[in-house]
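Mind folding the following:
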Amino acid sequence: MEITRDRSHRQIFLSQSSYIDKIAKLIDRQDLRHDTPMTAIELKPNEKLAPYADANRYQRKIGSLLFAAVTTRPDIA
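Numbers count the residues shown, from 1 in each chain. The predicted structure follows:
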């Protein structure tokens with residue numbers, strides 16, 4: 001987190017640009033896809049679960065984005 005202070009205007013600015021850049025590198029651009037709305041067809045559970053490593057990677061991505069959104073970047077929520 002970067003803190004910038006403007007003493008003449010008595011303002012403090014918080015920036016997490018380096019943290020957001022780190023998250024962007026964590027998330028492979030090939031992984032990104034647009035979510036589609038749910039269909040009217042009832043969904044059935046998948047017999048195969050994702051491997052633990054994939055689930056952990058997904059949780060890290062979402063957790064990192066939520067942390068940034070909650071702390072200083074509500075525009076990415």
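
could I get the helix or strand where I62 lies in CSV with only the CA atoms?
Using DSSP states H and E, the element containing I62 is helix 52-71. What follows is helix 52-71, C-alpha atoms only, in CSV (Å, rounded to 0.1, in the frame of the first residue of the first chain):
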residue,chain,number,x,y,z
TYR,A,52,-7.6,-29.2,-4.2
ALA,A,53,-4.9,-27.1,-5.9
ASP,A,54,-7.5,-25.6,-8.3
ALA,A,55,-9.9,-24.8,-5.6
ASN,A,56,-7.1,-23.2,-3.5
ARG,A,57,-6.0,-21.1,-6.4
TYR,A,58,-9.5,-19.9,-7.1
GLN,A,59,-10.0,-19.0,-3.4
ARG,A,60,-6.7,-17.0,-3.4
LYS,A,61,-7.8,-15.0,-6.4
ILE,A,62,-11.2,-14.2,-5.0
GLY,A,63,-9.9,-13.5,-1.6
SER,A,64,-7.2,-11.1,-2.9
LEU,A,65,-9.8,-9.2,-4.9
LEU,A,66,-12.2,-9.0,-2.0
PHE,A,67,-9.4,-7.7,0.3
ALA,A,68,-8.6,-4.9,-2.1
ALA,A,69,-12.3,-4.1,-2.6
VAL,A,70,-13.1,-4.0,1.1
THR,A,71,-10.0,-2.0,2.2
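
outside of it, which residues touch it?
If you take CB atoms under 8 Å, 6 or more residues apart in numbering as the criterion, helix 52-71 is touched by 16, 19-20, 23, 26-27, 49-50, 76-77. For glycine as for every other residue, the C-beta is placed from the backbone atoms N, C-alpha and C.

Return the subset of the residues you listed lying in helices.
Counting by DSSP state H, the contacts of helix 52-71 place 19-20, 23, 26 in helices.

Show the buried residues in those.
Applying 16 or more other CB atoms under 10 Å to the ones in helices among the contacts of helix 52-71, the neighbour count classes 19, 23 as buried.
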